[in-house]
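Engineer: Fold the following, please.
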Amino acid sequence: MRLPTAGRIHRCSVTSSSAHSANTKNRLAAAALLTPVFLLLALFVVRYIRQENFIYYWDYAQYHDYYMELGTRFAANPFRALDVVLRSVRKQDYNLLPTLFLLPLRLVLGPGRLAYILSMTVIFVFPSTAIFSLLVKKLRGGNAVHTAYEDIGLTVISVLALATLPQLWIPVLLGYIDVGGLIIIFAVLLLYFRADFAKQNCRNLMSIALLLSLLILYRRWYAYWVVGFFGALAVSEGMRFARDTERRAQWKVVVKNALALGVVSNLSIFLIATPIARRMLSTDYRDIYSAYRSSHPFAQNFAALGSHFGLLTLILAGLGIVFSGMRAGRRPLVYFLCVQFVIAFALFTRTQNFVVYVGTDEFGGQHIYGALAAIALFLALFVQDVFLRAKTGIGKAAVLVVFLIMCAANFSATFLPGANPLPGPVEFALPRVRQYPMVRTDLDQLRALLDALTDITRDSESTIYILASSYRLNSSIVHEACMHLDPAHGALAHKIAATNDVDKRDGFPIPFLMARYVVLTLPTAYHLAPQDQRVIGVLAEQLVKDEGIGKFYEKMNFVFRLEDGSSVVIYKKVRPLDPGDVKSLSDKFLEFYPSHKELFVISPDVIRQVSAL
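Structural biologist: You can find the predicted model right below:
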């Protein structure tokens, strides 16, 4: 009796050993595939950033500034630096938490722009790609045993589906740190689809809940994705209750698990970041960011997705939805991700656009990460299904080659100037967005502007107000130029007042009244509709026409030409402001925004203070 038993044990041991060996070989093959892809992408980043000659500003510069600042703080006092990070998480809309993850490479690579972008690439983009590949493998389903060739092909498809998407890279190259949220999103989906929701253990549920709260703390706008997650969970389980009698019998477990997710995720946010959580609940972001929302948000934002991803990518992702919906094993995935996408899309676009367009310029492309996860997943699943349906090795190789050509075409058309990878009749299927290395041709004029401002404020602490809000000139550009364009102007940076750019967000521009010098462009520079930036337009008009508040300023003998054809001029306050004119200016804004008195009413004390300057 012992011999057969021993034989069975021996055979199981051999089978287990073979499976372990096969898994090890597959992991080594995946690593061998990922390594050259990651090296090529890192080289692309280096080449791209080195081609740029630009002054980064606003969101392009903000987290790079945080990256530099946190590294300096940590080198001086690590515990103090961590305390600063925690306080920023509790109180700031743009907190230091994302840069904390980059700190190891910040200390190794240094503070430069290339170091910052490479740090995001290594810490966020590459792990996102690896986790995405695991997620696609999990969601693909099926119990079929694949050959080594098929496993390699499936890995190649999942890696290319994300790693070569231009929409993954555009925000990274522009300096947005939001890409780190993709790691959290993919990890949440991997845990959620690991087991049936009613059978999720406590460890998985707590991990999902904490990751969802981390996602919101990482970047506030990801709250829309989280709300979509809970909405999709409710709809998916509701559909199962409606169809499945056995599922209805498990309603207590489902409700308990859902409540555990909601309570732990919300409670953790409130415990860690009480001030910012309260602000998020009490703030009408739809009103504040109305300037960033188009008149037909749903249609125009769907069009923006088409412009960014390209018709071909969206069609393949759509086919992925259709074919996955035809498979019983993947149907819950389709329901969940589609409902999550719709809810998050509707809520976000109700507040603002994914992308803000001004002429050929655009801003805010990082918000497309909220849609990227679902699109990339269904794209990868569809191409993998086609690959597995191919009957011969040559057929499978043809699928890989065609997909590789498509990825290369999308990528090169987006990032390589002059690239024309496909004939004109086919080019319509590619993304229409072009994000070439940014180069300014008027840096000499910006240097001349800084020279002039340094000269006229050399012997005083007079502040300077930049009455411009375009992608060619704004207060952030001038401030960043002081710090990075010419180190000789570093002392000028603290004299540049922060400009109130957007009416409902920023309110009355009191710093303008306190400044001695005002810099503006002719014509007036906006990055949004003029009716949403009256804090720029009304003041500029009064200065140029020498009326109202403009009567107290004189135009100086300076003119600088920007690359967009506009002229930059400087005005100097030559006598104290009249309290009546200041009050009239406030009243003028109240006529525009009668329901926002808290933003535009100026107290008598402030009027007296600015009139004495």
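
Engineer: Pull out the buried positions in stretch 228-242.
Structural biologist: Across stretch 228-242, burial judged by 16 or more other C-beta atoms under 10 Å covers Gly228, Phe229, Phe230, Gly231, Ala232, Leu233, Val235, Ser236, Glu237, Met239, Arg240. C-beta here means a position set from N, CA and C on the backbone, and glycine is covered the same way.

Engineer: same deal with stretch 410-417?
Structural biologist: Buried residues in stretch 410-417 (16+ other C-beta under 10 Å): Asn410, Phe411, Ser412, Ala413, Thr414, Phe415.

Engineer: Give me the subset of the buried residues of stretch 228-242 that lies in helices.
Structural biologist: Gly228, Phe229, Phe230, Gly231, Ala232, Leu233, Val235, Ser236, Glu237, Met239, Arg240 (DSSP state H).

Engineer: Next, the contact list for the fifth one, please.
Structural biologist: Pointing back at Ala232 there. Tyr335, Phe336, Leu337, Val339, Gln340, Ile343 (C-beta atoms under 8 Å, 6 or more residues apart in numbering).

Engineer: closest to Ile466 among those residues?
Structural biologist: Using C-beta to C-beta, Ile343 comes nearest to Ile466 of these, at 39.4 Å.

Engineer: So which residues make contact with the host helix or strand of that closest one?
Structural biologist: Per DSSP states H and E, Ile343 falls inside helix 331-351. Residues outside helix 331-351 that contact it (C-beta under 8 Å, 6+ apart): 139, 193, 221, 224-225, 227-229, 231-233, 235-236, 239-240, 285-286, 289, 293, 297-298, 301, 321, 324-325, 354, 367, 370-371, 373-374, 377-378.

Engineer: From Val569, how far off is the closest residue to Ser567 other than its chain neighbours?
Structural biologist: For Ser567, ignoring the flanking residues on the chain, the nearest one in space by C-beta to C-beta, 6 or more residues apart in numbering is Leu522 at 4.7 Å. From Leu522 across to Val569, the span is 6 Å (C-beta to C-beta, to the nearest Å).

Engineer: Then Pro111?
Structural biologist: 34 Å.

Engineer: do Arg87 as well
Structural biologist: 41 Å.

Engineer: Please apply the same query to Ser290.
Structural biologist: 31 Å.

Engineer: what helix or strand is Gln167 on?
Structural biologist: helix 166-174.

Engineer: How far away from the center of its chain is the helix or strand following that helix?
Structural biologist: Heading C-terminal from helix 166-174, the first helix or strand you meet, by DSSP H and E, is helix 180-192. Chain-centre distance of helix 180-192: 15 Å, with C-alpha atoms, centre = their mean, to the nearest Å.

Engineer: now the contacts of Ala232 as TSV including neighbour count?
Structural biologist: Formatted as TSV, these follow (neighbours: other C-beta atoms under 10 Å):
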residue	neighbour count
Tyr335	16
Phe336	24
Leu337	23
Val339	19
Gln340	25
Ile343	20
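
Engineer: residues in contact with the residue nearest the centre of the chain?
Structural biologist: Taking C-alpha atoms, centre = their mean, the centroid of the chain lies closest to Gln366, which sits 2.6 Å from it. Residues in contact with Gln366 (C-beta under 8 Å, 6+ apart) are Asp59, Pro171, Leu174, Tyr176, Asp178, Val179.

Engineer: Any chance of a markdown table for the buried residues of stretch 410-417, columns secondary structure and pLDDT?
Structural biologist: Shown next, in a markdown table, are the buried residues of stretch 410-417 (DSSP: H, G, I helix; E, B strand; the rest coil; pLDDT from 0 to 100):
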| residue | secondary structure | pLDDT |
| --- | --- | --- |
| Asn410 | helix | 93 |
| Phe411 | helix | 95 |
| Ser412 | helix | 92 |
| Ala413 | helix | 90 |
| Thr414 | helix | 93 |
| Phe415 | helix | 94 |
